[in-house]
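> Quick one: sequence and predicted model below, then my questions.
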Amino acid sequence: MAINNRVTQMMGMQYPIIQAPMGWIARSQLASAVSAAGGLGMIETSSGENDAIVEEIRKMKTLTDKPFCVNIAQAFIRDPSIIDMIIAEGVKTVTTSAGSPKKFTKVLKEAGLNVFHVVPTLEAAQKAVDAGVDGLIVEGGEGGGFKNPKDVSTMVLLPLVRSKLDVPLIAAGGICDGATMAAAFALGAEGVQMGTRMVSALESPVHQNWKQAIVDAPDTGTVMIKPNGPGAALRALRTETSEALERGEGNPMATLGGGVKQVYFEGKLEDGLALTGQVAGRIEAVEPVATIIERTMQEFEDTLSKLSSTYL
């Protein structure tokens, strides 16, 4: 079933399922599959490879005529001209993250783009709304990748933000199927973002070793690596390397940055960090994006129907 709400109206997709902007992963191969299946594919900028990013945006237009968006990871933008490039390419929706919502929201809004900002706390959510964003991606600490060291779970953060603010909310962290999507909607979301589920998808460009490690992961299969000083925490797949960093041995950011090629595309999971969310413990197979989205929507509808018939 198609869903008509503020998120789908604003972003233009059939289903309010958004693919997360994982660095080097969220490119046209994966994003076009998500958009073609009725969700919203996303192109990343956190890799900092401006020319490649623009090329990926252009590839999206050849691979699908469906809507897609671009994430602007502010802390990783080495050349601010990427903002002008994104606008020039006719992108309609962006998400912003890893920095102040005041930095680019005004120029993006003046260019006619929809802007959703990623927030890990209520305070950050209020600042983003005050800065003029159209909506929020409310990201709980169980999600993979860069995290607030003082993490708050989706179950707590999402309804808290909804109780204080009336902008469209997209839930992120712990979402992998129709049941978790229904739970997010019950807590105030109008859309969901999937990261780890899409990393493990058939069309994901990462090595099969990473995908299989997600499938094999137990519920305790990730670690939260706190920074040695100020900065973001990281949630990653549990390996000997990540466990050592969790104990404070080594430099998390250096390990992450130095092992991208080896981990992501060669499958050498101990050579860096495989950024992965806790929901890996619930993923049981590598499947095509279309299957993931179709089943999610069917489970979402079935969950709502079952709850209604059982309790109303």
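Looks like it came in fine.

> make it CA atoms for all contacts and neighbour counts henceforth
Will do.

> From the contact counts, what lies against the helix or strand encompassing H117?
Following DSSP states H and E, one finds H117 within strand 114-119. Using 3 or more Cα pairs under 8 Å, 6 or more residues apart in numbering; DSSP states H and E, the elements in contact with strand 114-119 are strand 93-97, helix 105-110, strand 135-139.

> partners of the last one in the sheet?
If I follow you right, that is strand 135-139. When pairing is defined by DSSP bridges, strand 135-139 lines up against strand 114-119 (parallel), strand 169-172 (parallel).

> Pick the most deeply packed of the ones you listed.
Between those, strand 169-172 has the highest mean count of neighbours, a mean of 29, where neighbours are mean count of other Cα atoms under 10 Å.

> What is the subsequent helix or strand relative to that strand?
Along the chain past strand 169-172, the next helix or strand (assigned with DSSP H and E) turns out to be helix 178-186.

> ok, back up a step: need the contact partners of the following helix or strand past the strand holding H117.
For strand 114-119, the succeeding helix or strand toward the C-terminus, using DSSP H and E, is helix 122-130. Residues outside helix 122-130 that contact it (Cα atoms under 8 Å, 6 or more residues apart in numbering) are 100-102, 117, 119, 135-136, 138, 157, 160-161, 165, 167.

> cool, stretch 279-290 as well?
In this structure, residues lying in contact with stretch 279-290 by Cα under 8 Å, 6+ apart are 33-34, 37, 142-143, 173-176, 196-198, 200-203, 211-212, 214-221.

> what comes up buried for it?
Neighbour counts using 16 or more other Cα atoms under 10 Å place 279-283, 286-290 of stretch 279-290 among the buried residues.

> quick one, helices of the stretch 1-150 of the chain?
6-11, 28-36, 50-63, 81-88, 105-110, 122-130 (DSSP state H, counting those that start in this stretch).

> So which of these is nearest L237?
Using Cα to Cα as the criterion, the shortest distance between L237 and these is 20.7 Å, found for helix 28-36.

> for that closest one, packing partners?
The helices and strands touching helix 28-36, judged by 3+ Cα pairs under 8 Å, 6+ apart, are strand 17-19, strand 41-43, helix 50-63, strand 68-73, helix 289-311.

> Alpha carbons of that helix, as CSV, please.
As requested, C-alpha coordinates have been extracted for helix 28-36 and formatted as CSV (Å, rounded to 0.1, in the frame of the first residue of the first chain):
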residue,chain,number,x,y,z
SER,A,28,23.9,4.9,-7.3
GLN,A,29,24.1,1.1,-7.3
LEU,A,30,22.3,0.8,-4.0
ALA,A,31,20.3,4.1,-4.0
SER,A,32,18.8,3.5,-7.4
ALA,A,33,17.5,0.1,-6.3
VAL,A,34,15.9,1.7,-3.2
SER,A,35,14.2,4.5,-5.3
ALA,A,36,13.1,2.0,-8.0
